[in-house]
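S.K.: missing the sequence, but the structure's below:
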């Protein structure tokens, strides 16, 4: 629980917590600033050419200069990532329920899923472009959906099936129906597993969307922009777009973490208590 | 000698026979039979072949009794409890609970169960954990809340209704499990080494609390344990079992006065009973070491001697 004693009784608990938060965040901020500074200074000291690695200041300038185009790109790509994530999740969770419920489904679907997972999914990009058209966002959504399918499905199956045998005996002693066991034991048990998978899937979804766009797409797509600017030796612009893609991934992940805390407050508190 | 016959054993025989056995209370003889186990054998098919977990089990338990099953590990005491609860089925023999087959009694939700682990749902608060069986059995929300609160009061955890299980100590978690098992007013409580994972101090306190609950509710309790003092302190009868194959070797009537308190453990009679249970256990340990090929036959012979 939150019984951490605060040192020095000065100020309100809220203020004390804010100070502690800042202190916790300080090393991260420090490392970030340090790396950026070293990058900036190091490049000019070593005399490295701009096209090999632009300076942070040049990237920042490109970010400002290209802002409207970049915002369009981020919106376009984010839509693909979210769409793919949604489609992939729905299918993965449905398959997971079927798999956990029927042994036959488990035995027939799991090998297929494992095989699917070991193929380089991004190699399908030209094919999905062929199916849906390279200007159609569905092309990238399909790729993202396939990419996020496996971690979500496997984790959900785990959560639904890795239930303590004693819980099942307890439910048996209550003469509970399969549906009651599913609703009151298996699904709640699966929720932390599902959120763990979501957090992995959020980052995967951005990667899938951006890399999928390398194989074609409208000018406004982030991936198309990155590869196009790189071909034209406008590396600062490419880096600016990469930085935004990175931020997009982090943003998705943070949303995943916040959603977990909102839906499973007990789980966050429990893992904190364990630590 | 008071070694009960592994053949048919009627409760009247048990009460009538033996030195350590004395009348466990006039009321218990007249009370109806809650659990009737007849000629039960349980065989498991394992990788190393067939394993006879229980053989020739006969046991009658009357309403309001507190029965302990005690024996070395592998004697099948937990299996016997699980058979009574229809969590597993016998290979041969019959088990009646409240005059019905064990399965019908389970489907009729006629017993509560407490395991060695508390088996609480981490995502539910203490209150909602106690409400779980009531939810499954379709009680109304108001009824659930009322009953769960009453049960938490019974186990003295009323102030902890909103916390989650992992915020409680092991002993408190087990009390929640007991409250949950009693929430739907079963007349029979099955407990499988419920205090086995607790430290000695907590265990003794839990024993006292369990005694209080038993006195106040008049429930029948079947209690699996490997602790001799615990079995003697709690029980009206201690069923001593031995292993390979699991069987009942002796039933010791506990004639300690009620209510049982911390002073009970100081009584001369308490120590005598602890000794007789210990000897009953040890005798069969050495028998097993002697490597008898037919334990059953020899026990029968000893019983007649």
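M.R.: Okay, I see it. From a predicted model like this one, the values you see are computed outputs, not experimental measurements.
S.K.: which other residues reach stretch B:164-174?
M.R.: The contact list for stretch B:164-174 (C-beta atoms under 8 Å, 6 or more residues apart in numbering or on different chains) reads A:1, A:266, A:269-270, A:273, B:114, B:118, B:120-126, B:129, B:157, B:160, B:176, B:194-195, B:197-198, B:202, B:205-206. Where you see a C-beta, it was placed from the backbone N, CA and C, and this is true even at glycine.
S.K.: can you select the buried ones among the residues you listed for me in PyMOL?
M.R.: Buried residues among these (16 or more other C-beta atoms under 10 Å in any protein chain shown), as a PyMOL selection:
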select buried, (chain A and resi 266+269+270) or (chain B and resi 114+118+120+121+123+124+125+126+129+157+160+176+194+195+198+202+206)
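S.K.: okay, and which of the contacts of stretch B:164-174 map to strands?
M.R.: Taking DSSP state E as the definition of strands, the contacts of stretch B:164-174 contribute residue B:114.
S.K.: end to end, how far does stretch B:237-257 reach?
M.R.: 13 Å (C-alpha to C-alpha, to the nearest Å).
S.K.: quick one: buried residues of it?
M.R.: Buried residues in stretch B:237-257, defined by neighbour count with 16+ other C-beta under 10 Å: B:237-254, B:256.
S.K.: so what's the most centrally placed residue in chain B up against?
M.R.: Among the residues of chain B, the one closest to the centroid is residue B:223, at 1.8 Å (C-alpha atoms, centre = their mean). Residue B:223 sits next to B:66-69, B:191, B:194, B:231, B:234-235 when contact means C-beta under 8 Å, 6+ apart.
S.K.: confirm it sits in a strand?
M.R.: Yes - counting by DSSP: H, G, I helix; E, B strand; the rest coil, residue B:223 is part of a strand.
S.K.: does it have beta-bridge partners, and which?
M.R.: Taking DSSP bridges as the rule, residue B:223 bridges to residue B:68, residue B:191.
S.K.: who in the stretch 51-200 of chain A is up against chain B?
M.R.: With C-beta under 8 Å from any C-beta of the partner chain as the criterion, the stretch 51-200 of chain A meets chain B at residues A:164, A:166-167, A:169-176, A:180, A:184-185, A:188, A:191.
S.K.: which of those tops the neighbour count?
M.R.: Neighbour counts for these peak at residue A:170, which has 25 neighbours (criterion: other C-beta atoms under 10 Å in any protein chain shown).
S.K.: quick check: residues of the stretch 1-150 of chain B near chain A?
M.R.: Residues of the stretch 1-150 of chain B that fall close to chain A, judged by C-beta under 8 Å from any C-beta: B:82, B:85, B:87, B:106-109, B:111-113, B:115, B:117, B:119, B:121-123, B:132-133, B:135-137.
S.K.: among those, which ones are buried?
M.R.: B:82, B:85, B:87, B:106, B:109, B:111-113, B:115, B:117, B:119, B:121, B:123, B:132-133, B:135-136.
S.K.: quick one, strands of chain B?
M.R.: With DSSP E as the criterion, chain B has strands at B:33-46, B:49-62, B:66-70, B:92-97, B:100-101, B:111-114, B:188-192, B:220-225, B:237-242, B:247-253.
S.K.: how about those strands in a markdown table, adding distance to residue A:70?
M.R.: As requested, those are arranged in a markdown table below (distance: least, C-beta to C-beta, whole Å):
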| stretch | distance to residue A:70 |
| --- | --- |
| strand B:33-46 | 66 |
| strand B:49-62 | 70 |
| strand B:66-70 | 73 |
| strand B:92-97 | 72 |
| strand B:100-101 | 73 |
| strand B:111-114 | 62 |
| strand B:188-192 | 64 |
| strand B:220-225 | 68 |
| strand B:237-242 | 76 |
| strand B:247-253 | 80 |
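S.K.: end to end, how far does stretch B:255-271 reach?
M.R.: Start and end residues of stretch B:255-271 are separated by 12 Å (C-alpha to C-alpha).
S.K.: meant to ask about stretch B:255-272, not that
M.R.: With C-alpha to C-alpha as the measure, the ends of stretch B:255-272 fall 11 Å from one another.
S.K.: that stretch: which residues count as buried?
M.R.: So, applying 16+ other C-beta under 10 Å, buried residues of stretch B:255-272: B:256, B:260, B:264-265, B:270.
S.K.: do stretch A:117-133 as well
M.R.: By neighbour count on 16+ other C-beta under 10 Å, the buried set for stretch A:117-133 is A:121-122, A:124-125, A:128-129.
S.K.: possible to save the strands of chain B as CSV with mean pLDDT?
M.R.: Formatted as CSV, the strands of chain B follow (pLDDT from 0 to 100):
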stretch, mean pLDDT
strand B:33-46, 90
strand B:49-62, 89
strand B:66-70, 94
strand B:92-97, 92
strand B:100-101, 92
strand B:111-114, 93
strand B:188-192, 94
strand B:220-225, 94
strand B:237-242, 92
strand B:247-253, 90
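S.K.: closest one to residue A:83 among these?
M.R.: Checking these against residue A:83 by C-beta to C-beta gives strand B:111-114 as the closest, at 47.7 Å.
S.K.: helices or strands up against the closest one?
M.R.: Contacts defined by 3 or more C-beta pairs under 8 Å, 6 or more residues apart in numbering or on different chains; DSSP states H and E place strand B:111-114 against helix A:165-173, helix B:170-182, strand B:188-192.
S.K.: take these and write them to JSON lines, including distance to residue A:234.
M.R.: Converted to JSON lines, the helices and strands packed on strand B:111-114 look like this (distance: least, C-beta to C-beta, whole Å):
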{"stretch": "helix A:165-173", "distance to residue A:234": "59"}
{"stretch": "helix B:170-182", "distance to residue A:234": "63"}
{"stretch": "strand B:188-192", "distance to residue A:234": "72"}
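S.K.: out of these, the one nearest residue B:53 is which?
M.R.: Closest among the helices and strands packed on strand B:111-114, using C-beta to C-beta: strand B:188-192, at 14.6 Å.
S.K.: packing partners of the closest one?
M.R.: Using 3+ C-beta pairs under 8 Å, 6+ apart, strand B:188-192 sits against helix B:77-84, strand B:111-114, strand B:220-225.
S.K.: returning to that earlier point: tell me which of the buried residues of stretch A:117-133 fall in strands.
M.R.: Among those, no member falls in strands (criterion: DSSP E).
S.K.: which one of those residues is nearest residue A:146?
M.R.: Distances from residue A:146 to those, taken by C-beta to C-beta, are shortest for residue A:121, at 5.0 Å.
S.K.: can I assume that closest one is in contact with residue A:205?
M.R.: No - at 11.9 Å, residue A:121 does not count as touching residue A:205 under the criterion of C-beta atoms under 8 Å.
S.K.: common neighbours of those two, please.
M.R.: Counting by C-beta under 8 Å, 6+ apart, the common neighbours of residue A:121 and residue A:205 are residue A:147.
S.K.: what does stretch A:80-89 contact?
M.R.: Contacts to stretch A:80-89, defined as C-beta under 8 Å, 6+ apart, come from residues A:137-138, A:140-149, A:152, A:198, A:201-202, A:205-206, A:208-209, A:212-213, A:221, A:248, A:252.
S.K.: cutoff 7 Å now
M.R.: When contacts are defined by C-beta atoms under 7 Å, 6 or more residues apart in numbering or on different chains, stretch A:80-89 is touched by residues A:137, A:140-141, A:143-146, A:148-149, A:152, A:201-202, A:205-206, A:208-209, A:252.
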